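**Student:** Give the three-dimensional model of this entry:
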Amino acid sequence: MYVFGNEVNPPLPYQGATAMSSNHSNHSNCPVYISDEVRNFQTFLIVPVFLAGLGLNLAALLVFYRQRSVWTDTHVYMVNLALADTTLVVLLLVRLYDSIHELQAPRLCSLLVVLHYANMYGSIFTVTAISVQRFLAVRFPYYARRAGSKKRAACVCVVIWLVIAGVCLVFREDNAPENWHTCFERNQPLPLDFLMSLELLGYVVPLLTMLLCSSQTIYILLRTSRENARSQALPGAGAGSPPRMQDHRRSVAVVGANLAVFVVCFTPIHAALLLRYLETSRDPQDCRRYVLLHNVYLVTELVATTNCFLDAVGYYFLCRDFRKELLPVRRTQVESQEYSL
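**Tutor:** Just a heads-up that it's a prediction; the model follows:
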């Protein structure tokens with residue numbers, strides 16, 4: 001990836017890599033360049049995302065470490081998410097370095113690409129697991145609070161990384177050094193089966209799961225708020241618990257915001273991956289359209305990385321212990337019953 005260059009003619013594969021086969025060289029016919037607008041967007045966004053993402057996620061990990069004695073299943077998921085996001089942020093710095101001084105280490109570059117996407121999908125799956133956990137917490141609160149919930153959450157996190165490792169293992173040949181002409185730029189499109197695995201398993205299934213769980217969570221919270229409001233309106237009712245209703249409204253806002261962040265961050269990059277594949281499969285190829293899609297993909301890739309610090313902002317609202325630790329002077333009054341939100 002060349003961030004600061006105006007035009008990039010497709011370079012030769014890494015030395016030592018086998019030459020591209022004729023049936024996989026379809027986009028090498030098009031000169032690839034990055035527009036000034038995209039270059040400026042990258043320059044403007046990449047440094048703030050790195051600084052904000054690294055600072056917020058390290059702060060989150062420190063807070064979670066201090067609160068380890070009172071961890072819940074939510075904490076386990078958030079630690080897993082913070083680790084994935086921190087790794088992504090560090091890799092972002094490596095990509096910035098590669099954009100200025102191109103890395104000439106084929107095997108290292110293959111590893112970096114695998115780590116980048118593995119942690120991106122690790123973040124996606126963990127956010128999805130948190131959405132499911134929140135739904136279970138409000139739909140089956142007694143079951144969700146039973147002993148062993150932390151172990152279940154840890155097992156889910158292990159399964160997440162095993163699934164990702166399995167996908168990386170199955171498609172390891174597609175990430176071999178000879179398939180890259182720079183450290184983060186492929187010299188051929190993703191195979192269709194690999195692309196469909198990313199689109200379906202890595203995006204469509206998590207999105208549908210989050211839509212279902214988030215909508216049900218919001219419905220239950222709103223219904224509970226209405227029932228509480230009606231009970232408070234009955235003659236002889238006590239002062240009630242306005243903070244509980246405020247908690248429900250805040251929880252609804254948090255759930256909706258988490259879903260919106262997921263859609264905004266991860267929908268564009270998966271749409272761009274699919275569109276770019278369709279364009280590289282055309283014969284003859286429209287180079288102007290390919291260059292446009294290439295620039296769009298670079299923008300969506302950076303948009304996806306903003307999830308790294310947006311997740312950290314979400315920690316503040318997801319965990320009341322995180323709020324207390326981060327803002328010890330402004331300790332808010334909270335209910336004794338917590339919905340893990």
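
**Student:** can you give me the helices in this protein?
**Tutor:** Using DSSP state H, the helices found in the chain span residues 36-66, 73-100, 106-139, 141-144, 149-170, 192-196, 205-233, 242-280, 287-305, 307-318, 320-326.

**Student:** Looking at the ones you listed, spot the one closest to Cys30.
**Tutor:** Closest to Cys30 of these, according to CB to CB: helix 287-305, at 3.7 Å. For the C-beta atoms, the positions are set from N, CA and C on the backbone; glycine is no exception.

**Student:** what's in contact with the closest one?
**Tutor:** 1, 27, 29-35, 38, 41-42, 45-46, 49, 53, 88-89, 92, 120, 264-266, 268-269, 271-273, 275-276, 279-280 (CB atoms under 8 Å, 6 or more residues apart in numbering).

**Student:** Quick check: chain neighbours aside, which residue is closest to Thr126?
**Tutor:** Leu81 (4.4 Å; CB to CB, 6 or more residues apart in numbering).

**Student:** What distance do you get for that neighbour to Ala272?
**Tutor:** Going from Leu81 to Ala272 by CB to CB, to the nearest Å gives 24 Å.

**Student:** What ranges in the stretch 101-250 of the chain fall below the confidence cut-off?
**Tutor:** 144-148, 181, 187, 232-247 (pLDDT under 70).

**Student:** and if we set it to 80?
**Tutor:** 101-106, 141-148, 175-189, 225, 227-250 (pLDDT under 80).

**Student:** hang on, the earlier thing: report the buried members of the contacts of helix 287-305.
**Tutor:** Buried members of the contacts of helix 287-305, scored by 16 or more other CB atoms under 10 Å, are 1, 27, 30, 32-35, 38, 41-42, 46, 49, 53, 88-89, 92, 120, 265-266, 268-269, 272-273, 276, 279-280.

**Student:** still on that earlier bit, the residue nearest to Thr126 contacts Gln133, correct?
**Tutor:** No - Leu81 is beyond contact range of Gln133, at 11.9 Å (criterion: CB atoms under 8 Å).

**Student:** just to revisit the earlier point, how about the residue nearest to Thr126, what does it touch?
**Tutor:** Here Leu81 is in contact with 123, 126-127, 130, 311 (CB under 8 Å, 6+ apart).

**Student:** State the pLDDT value of the nearest residue to Ala52 once chain neighbours are set aside.
**Tutor:** Once flanking residues are discounted, Ala52 sits nearest to Phe309: 4.2 Å by CB to CB, 6+ apart. Model confidence at Phe309, expressed as pLDDT, equals 84.

**Student:** What is the neighbour count of Val76?
**Tutor:** 23 (other CB atoms under 10 Å).

**Student:** Give me the distance between it and Ile164.
**Tutor:** 17 Å.

**Student:** right, and the residue nearest to Ala52 touches Ala59 too?
**Tutor:** No - using CB under 8 Å, Phe309 makes no contact with Ala59, being 10.9 Å away.

**Student:** More neighbours: these two, which one.
**Tutor:** Higher neighbour count among Phe309 and Ala59: Phe309, with 21 against 16, using other CB under 10 Å.

**Student:** I'd like the distance between that one and Val291.
**Tutor:** According to CB to CB, Phe309 stands 30 Å off from Val291.

**Student:** And for Ser225?
**Tutor:** Distance, Ser225 to Val291, using CB to CB: 51 Å.

**Student:** what sits against Asn258?
**Tutor:** Neighbouring residues of Asn258 by CB under 8 Å, 6+ apart: 127, 130-131, 210, 214, 314.

**Student:** got a winner among those residues for most neighbours?
**Tutor:** Ile130 (26 neighbours).

**Student:** and the gap between that one and Leu81?
**Tutor:** Counting by CB to CB, the separation of Ile130 from Leu81 is 7 Å.

**Student:** Thr305 now?
**Tutor:** 14 Å.

**Student:** Could you do Lys150 as well?
**Tutor:** The value you get for Lys150 to Leu81, if CB to CB is used, is 15 Å.

**Student:** burial count for Leu162?
**Tutor:** Other residues within reach of Leu162, judged by other CB under 10 Å, total 10.

**Student:** Chain neighbours aside, what residue packs nearest to Ser35?
**Tutor:** Spatially, and ignoring its direct neighbours in sequence, Ser35 is nearest to Asn295 (5.4 Å; CB to CB, 6+ apart).

**Student:** circling back to that earlier point, for the residue nearest to Ala52, which residues are in contact?
**Tutor:** So Phe309 contacts 49, 52-53, 56-57, 85, 89 (CB under 8 Å, 6+ apart).

**Student:** Which per-residue confidence value corresponds to Leu278?
**Tutor:** The model's pLDDT for Leu278 equals 87.

**Student:** For Ile46, see how far away it is.
**Tutor:** Applying CB to CB to Leu278 and Ile46 gives a distance of 28 Å.

**Student:** Likewise for Leu81?
**Tutor:** 21 Å.

**Student:** ditto for Phe125
**Tutor:** Counting by CB to CB, the gap from Phe125 to Ile46 is 25 Å.

**Student:** what does Tyr297 give?
**Tutor:** To Ile46, Tyr297 is 15 Å away according to CB to CB.

**Student:** what do you get for Met210?
**Tutor:** Relative to Ile46, and taking CB to CB, Met210 is found at 27 Å.
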